[in-house]
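Engineer: Test case, fold it:
(2 chains)
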Amino acid sequence: MEKLVLNFNLTGERNHGKKVVCGVVSSGNLEVIIEENQSVETLFNLQTPIEGYCLVWTKVIENFVAEYKPIGLQFTLNDNGATPPVVALRLRQAFELFQGYQQPMDNYLELDARQRIKALFDKNSFTEWLGDEKLYSPHLAMLDLPGEADDGIVIGLAHLNKKKVLIAAQQKDFMGGSVGEIHGAKLTGLFKAALKKDVAAVILLIDSGGVRLHEANAGEIAISEMIRAIFAVRNQGIMTIGVVCGKNGAFGGMGIVSACLDYAIINETGRIGVSGPEVIQAVKGIDAFDSQDRALIWRVYGGKTRYLQQIAQTYTNSTCTDIKNALISALDKRRSIELPQLKSTQQLLKNRLNSTLGCDEEGTYLQKNYPNLCYNLFELNQEAFLKVADEIAKQNGALK
Amino acid sequence: MISLNDLLQQLFMTNYQIQEENSVIYGQAKLGNQSLFLLGVKESTFLGAEQALIMAEKLIDLLDKKNKDPILLLVDVAGQQLTMRDEWLGMQQYFAHLLECLECVRKQGNQLISLVYNQAVGGGFIAYGLMADCILALPHAKLAVMWLEGIAKVTKIDLDRLKELSKTLAVFAPGVENFYQLGGLHDIVKLSELEDKITQELHRKDKDDKRALLGQERGGRQLAYPIITQIINL
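Structural biologist: Prediction:
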């Protein structure tokens, strides 16, 4: 890990603005944080796992400073092998964001955690918690891996359709949205805070492969602490909702967490499971699961499958507008942790187990039971799919 | 390794009876005058959707009968079931259902004590063992999220380096002591002291989750507790 500090003394009027974070510490990318400096100096703090490029960094940053003249600001650059053009682009984007420029954004899949929150919740209603602190994982640093100031999760308070809610959004591109010690503590803390704040819901934008193996034990214990905190929140009558519409889905511990919430919203891309296909293939061989077979993966874990199984209660497309509407209508769909509800879940899960003997993915199951309905189902668009899903639910009436 | 029968005989002598259904074991036992409900899995079980559902059914039975006996959760989980069928069925929902049933019996007043008698590996530990008010392990127990070979494969960190690091880094390395340091276990107990330990735990009324604080006090997890506390106080 190499560190570099650069100082610039520029003359002119100081720049003012709210702290911004742009980019993610994923491979070939970097995070740029801009905030006001205490003095008129402009300061750059850089850390990078790629050593020996100080001259190139200095050149790129000097070019940026010459062009944009940022005065009295502090830049934090957390790099993970970004090329000079990417660095130049991120610096420019971050500075434009700092000056108030906003791109219109509606495709959930393309957005990072803060952009997702901005797009889904009421305008200017979000207050990030611990946003001013730089909480880098010390465990990643021990392994010479770059950290991110938010440890891959953004938490805070916002309004959804004028109702106060707490939110957490996982950074899909930082360590696969994985749960380490800090990441997990932020989630557990958020749920515990909900018990003291008067909020309508806690909403998780899940996009995670599960526990971060570099800090595996801390991550696993954190998942368990989180689950206890989630149940405490639900016992108090506060709604909990998971949105699984991102590229990593909800796997491992986060798969289990997604199922511990009252309600789940999914899109076609979303996947939910415990072990991913690569793990099953690595241990049991390619005959047990061909992890290259994308169609099969979606028939096993994918959004359509999870909606048909009632594991997710809303199936949506990937626009933030639609996901927001789904969130608003989910606000009153609580599922209590009481005996009658547990009995009905027991029945649902028992029926699923017993009525599917011999099947191990949604395609063959539908073929066997709904041969007239399932043709092309996995290729259908949202509207057509929801019609077929309704028809299946009707035929399946006894079970639903 | 200890066999389940040896464990139960040494702990309860003849005062227990268990049944088995698809690797799930359940039954009753007595410690002195105190009745206990036993629930868990037999040796080296891979926990899947079916096992979780059977365990949930036994807990629903207790709720139906308003039986408030303390529950001893017996853990020897070699991992979660690694099959396409279990994944397609939505094993995470079966696990979550089991967790909800445990939460509900906790609310009813049943005390939950779990004992890792041989091993607890991966997601199967989250599914019930880690949900107890008091989590215990025998000294020989093996605890891991994933074995080092698997971690090396996924993280692409050299296995020899991981082996070296695992000697000092409790945060990721398998081991019963490491889980203890991080607050993931309340105690490591010798078989000969188990009866006393359980009896003592049965008198404890405090059911709050103190694991993050334990992790800080024991030095294995320094950040979690201060961060959680800071957020609660915002």
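
Engineer: ok, the spatially closest residue to B:Asp209 that is not a sequence neighbour - how many residues close by?
Structural biologist: Distance criterion C-beta to C-beta, 6 or more residues apart in numbering or on different chains; nearest residue to B:Asp209, sequence neighbours excluded, is A:Arg228 at 4.8 Å. Backbone N, C-alpha and C define where each C-beta goes, glycine included. A count of nearby residues for A:Arg228, using other C-beta atoms under 10 Å in any protein chain shown, gives 23.

Engineer: Pull up the per-residue confidence for A:Arg228.
Structural biologist: Per-residue pLDDT puts A:Arg228 at 98.

Engineer: Not including adjacent chain positions, what is the nearest residue to the residue in chain A that chain B sits nearest to?
Structural biologist: Relative to chain B, the nearest point of chain A is A:Gly189 (3.0 Å; C-beta to the nearest C-beta). The shortest distance from A:Gly189 to any non-neighbouring residue, by C-beta to C-beta, 6+ apart, is to B:Ile231 (3.0 Å).

Engineer: And the strands in chain A, which stretches?
Structural biologist: Using DSSP state E, the strands of chain A run over residues A:2-8, A:20-22, A:29-36, A:42-48, A:73-80, A:127-129, A:153-160, A:163-170, A:201-205, A:239-244, A:263-266, A:314-315.

Engineer: how about these in JSON lines, adding mean neighbour count, mean pLDDT and distance to chain B?
Structural biologist: Conversion of the strands of chain A to JSON lines gives the following (neighbours: other C-beta atoms under 10 Å in any protein chain shown; pLDDT from 0 to 100; distance: least, C-beta to the nearest C-beta, whole Å):
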{"stretch": "strand A:2-8", "mean neighbour count": "13", "mean pLDDT": "94", "distance to chain B": "19"}
{"stretch": "strand A:20-22", "mean neighbour count": "21", "mean pLDDT": "92", "distance to chain B": "18"}
{"stretch": "strand A:29-36", "mean neighbour count": "22", "mean pLDDT": "95", "distance to chain B": "18"}
{"stretch": "strand A:42-48", "mean neighbour count": "20", "mean pLDDT": "96", "distance to chain B": "19"}
{"stretch": "strand A:73-80", "mean neighbour count": "22", "mean pLDDT": "96", "distance to chain B": "14"}
{"stretch": "strand A:127-129", "mean neighbour count": "16", "mean pLDDT": "97", "distance to chain B": "6"}
{"stretch": "strand A:153-160", "mean neighbour count": "22", "mean pLDDT": "98", "distance to chain B": "7"}
{"stretch": "strand A:163-170", "mean neighbour count": "23", "mean pLDDT": "98", "distance to chain B": "10"}
{"stretch": "strand A:201-205", "mean neighbour count": "28", "mean pLDDT": "98", "distance to chain B": "12"}
{"stretch": "strand A:239-244", "mean neighbour count": "26", "mean pLDDT": "98", "distance to chain B": "11"}
{"stretch": "strand A:263-266", "mean neighbour count": "26", "mean pLDDT": "98", "distance to chain B": "10"}
{"stretch": "strand A:314-315", "mean neighbour count": "20", "mean pLDDT": "98", "distance to chain B": "15"}
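
Engineer: helices and strands of chain B: which one bottoms out on pLDDT?
Structural biologist: Sorting the helices and strands of chain B by mean pLDDT, DSSP states H and E puts helix B:148-155 at the bottom, at a mean of 89.

Engineer: That concludes my questions; thank you for your assistance.
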